[in-house]
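1. What shape does this take:
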Amino acid sequence: MARKKLETLTEQMYYVLLSLTQERHGYGIMQYVSELTRGRVTIGAGTLYALLSRFEEEGLISLTRTLEGRKYYQLTTEGEQTLQGEYDRLRRQVQDGAALLDRKERS
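-> The predicted model follows:
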């Protein structure tokens with residue numbers, strides 16, 4: 001059975017793609033995500049490398065170079081579109097929640 005295209009992303013997936021708006025290697029991705037989220041989101045090596053492999057297979061990222069044994073990756077156009085789609089989806093969820101919660105606070 002063929003793997004289904006990503007419709008929604010997990011938090012780790014989102015942050016890996018977000019980190020690859022700039023070229024980074026694996027350890028750099030883990031550091032960036034931890035710094036960006038102030039430690040709220042951590043990505044273990046096993047999870048990260050499984051995601052990188054999947055994202056590369058799906059054409060969301062590409063290997064840009066290998067330097068001193070480190071593989072560097074960056075988003076492809078398709079990866080940028082996937083990241084933007086997830087950002088838009090999350091923003092709509094927040095707007096829906098804010099509309100409801102704001103009404104409750106005013107009641």
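2. in the protein, which ranges drop under the pLDDT threshold?
-> By pLDDT under 70, the low-scoring segments of the chain are 1-5, 106-107.
3. Identify the residues contacting the spatially closest residue to residue 75 that is not a sequence neighbour.
-> Leaving aside its chain neighbours, residue 75 sits nearest to residue 20 (4.8 Å; criterion: C-beta to C-beta, 6 or more residues apart in numbering). Using the backbone N, CA and C atoms, a C-beta is placed for each residue, glycine as well. Residue 20 makes contact with 29, 61, 73, 74, 75, 79, according to C-beta atoms under 8 Å, 6 or more residues apart in numbering.
4. redo that, cut-off 10 Å
-> 28-29, 32, 52, 55, 60-62, 64, 72-76, 79-80, 83 (C-beta atoms under 10 Å, 6 or more residues apart in numbering).
5. From residue 14, how far off is it?
-> Taking C-beta to C-beta, to the nearest Å as the measure, residue 20 and residue 14 are separated by 11 Å.
6. do the same with residue 90
-> Applying C-beta to C-beta to residue 90 and residue 14 gives a distance of 8 Å.
7. Now do the shared contacts for those two.
-> Contacts common to residue 90 and residue 14, judged by C-beta under 10 Å, 6+ apart, are residue 8.
8. Neighbour count: those two, which is higher?
-> residue 14 (18 against 13; other C-beta atoms under 10 Å).
9. if I read this right, that one contacts residue 60, doesn't it?
-> No: counting by C-beta atoms under 10 Å, residue 14 does not reach residue 60; the two are 11.7 Å apart.
10. Find the residues that touch each one of those two.
-> Shared contacts of residue 14 and residue 60 (C-beta under 10 Å, 6+ apart): 82, 83.
11. Quick check: neighbours shared by residue 20 and residue 14?
-> The contact sets of residue 20 and residue 14 overlap at residue 83 (C-beta under 10 Å, 6+ apart).
12. ok, which stretches of this structure are strands?
-> Ranges of strands in the chain, per DSSP state E, are 24-25, 61-67, 70-75.
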